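Enquirer: Based on what follows, work out the 3D shape:
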Amino acid sequence: MTSANIDPAAAPTTALPAGAMVSGRQRPGVGRRLVPYGYLSPTILLLTVLMVVPIVMVIGYSFRDNVIVKKNPVFAGLVNYAKVLSDADFLAALGNTAVFITVSTVAHLVLGLAFAMMLNTKLLSGVTKAVFRIVYILPWLFTIAVIAVIWRLLLDPAGVVNYVLQTMGLLREGVSWLGDPGTALWAVTFANIWSGYPFFMISLLAALQGISADLYEAAAVDGTNWFQRFVHVTLPQLRPVIISMAVLDLIWTSQQFALIWMMTGGGPLNATEVLSTYTYKQAFSEYEFATASAAAVVVLLLTTVLAFFYVRQQREQ
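Expert: Numbering: from 1, shown residues only. Okay, here's the model as predicted:
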């Protein structure tokens with residue numbers, strides 16, 4: 001039999017060892033594999049210096065006594081945590097924080113969605129929508145300091161709010177909204193709602209404009225009314241955006257400090273004391289840096305839980 005009569009498909013093949021296989025591509029060396037990490041190294045360095053190191057230092061302070069004020073602080077174990085968790089002021093701040101962030105987040109969502117749907121409707125002209133956009137977004141243009149000053153003036157016993165309520169016959173005399181322990185927390189919460197709803201409104205408006213009109217047309221053909229279309233079309237399409245923004249707003253509001261500090265300073269009688277103001281007072285008013293560090297670690301753990309749910313929700317998407 002000649003070589004011309006041999007079927008190439010029937011010819012035996014010899015397997016080469018894995019290490020002996022020759023390929024057009026060579027395995028990248030160690031240097032090449034480290035190149036991506038080299039690009040990331042400035043960011044990693046900044047995160048380490050600005051975030052990781054301070055967090056580790058604060059955690060270390062929370063287990064010691066007389067930190068910063070003394071050169072060689074002593075190890076105290078969990079004493080600072082026990083002191084914080086049994087402090088009536090801390091427990092009051094924890095409750096105030098829960099009310100503050102829950103009411104603010106729900107109100108941000110409701111107002112933001114209502115105004116976004118108003119700006120997205122076809123019942124208003126373009127000029128009217130433009131005017132409303134400017135009016136609704138105004139709170140977002142002010143700094144926290146300006147917002148605090150505005151609302152302190154509005155809520156003053158001789159301010160505009162009391163004047164309007166007295167003119168309408170709802171009040172007989174001016175109310176010290178920020179000076180009364182029964183109304184101070186709600187007044188500060190209202191100011192925070194006013195300053196934060198534009199973020200929800202703009203984000204939800206963008207999401208509304210991304211919903212296909214075909215979905216609404218199909219629902220209308222099926223004989224649904226506007227409320228049924230809102231429940232079965234609008235809300236399901238907005239659900240990922242609403243959840244993401246709600247979790248982010250919970251985290252952001254839980255760390256709100258400047259507005260409360262400039263409006264009430266946590267008073268009166270700790271009525272508006274929240275975790276951020278409590279921690280600040282422990283550190284820079286009473287110079288209890290170890291106790292403040294323990295409170296900061298507790299706050300960090302609480303916000304980490306919220307961040308965990310946010311990251312989990314993002315991964316599910």
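Enquirer: Mean confidence (pLDDT) on the longest helix anywhere in the chain, please.
Expert: Using DSSP state H to define each element, the chain has its longest helix at helix 88-120. For helix 88-120, mean pLDDT is 93.
Enquirer: With just CA atoms, put whichever helix or strand comes after that helix into CSV.
Expert: Next in sequence after helix 88-120, counting helices and strands by DSSP states H and E, comes helix 126-141. Provided in CSV are the C-alpha atoms of helix 126-141 (Å, rounded to 0.1, in the frame of the first residue of the first chain):
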residue,chain,number,x,y,z
GLY,A,126,-43.5,72.4,28.1
VAL,A,127,-43.3,75.9,29.6
THR,A,128,-45.3,74.8,32.7
LYS,A,129,-43.0,71.8,33.1
ALA,A,130,-39.9,74.0,32.8
VAL,A,131,-41.2,76.3,35.5
PHE,A,132,-42.1,73.4,37.9
ARG,A,133,-38.6,71.9,37.3
ILE,A,134,-36.9,75.1,38.4
VAL,A,135,-39.2,75.4,41.5
TYR,A,136,-38.9,71.7,42.5
ILE,A,137,-35.1,71.6,42.1
LEU,A,138,-34.4,74.8,44.1
PRO,A,139,-33.8,73.0,47.5
TRP,A,140,-31.0,71.0,45.8
LEU,A,141,-29.2,74.2,44.9
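Enquirer: Return the set of buried residues in helix 126-141.
Expert: Neighbour counts over helix 126-141 (16 or more other C-beta atoms under 10 Å) mark 133, 136, 139 as buried. All C-beta spots, glycine's among them, are computed from the backbone N, C-alpha and C.
Enquirer: For M201, see how far away the first one is.
Expert: It stands for R133. 9 Å (C-beta to C-beta, to the nearest Å).
Enquirer: Show the end-to-end separation of stretch 154-161, please.
Expert: End-to-end distance for stretch 154-161, by C-alpha to C-alpha, to the nearest Å: 6 Å.
Enquirer: how far out from the middle of the chain is it?
Expert: With C-alpha atoms, centre = their mean, to the nearest Å as the basis, stretch 154-161 stands 31 Å off its chain's centre.
Enquirer: buried sites along that stretch?
Expert: 154-156, 159, 161.
Enquirer: Tell me the one among the residues you listed nearest to Q256.
Expert: Nearest to Q256 among the buried residues of stretch 154-161: L155, at 17.6 Å, using C-beta to C-beta.
Enquirer: Surely that closest one is in contact with W177?
Expert: Yes - with contacts counted by C-beta atoms under 8 Å, L155 reaches W177, the gap being 4.1 Å.
Enquirer: Need the overlap of contacts for the two.
Expert: 161, 187 (C-beta atoms under 8 Å, 6 or more residues apart in numbering).
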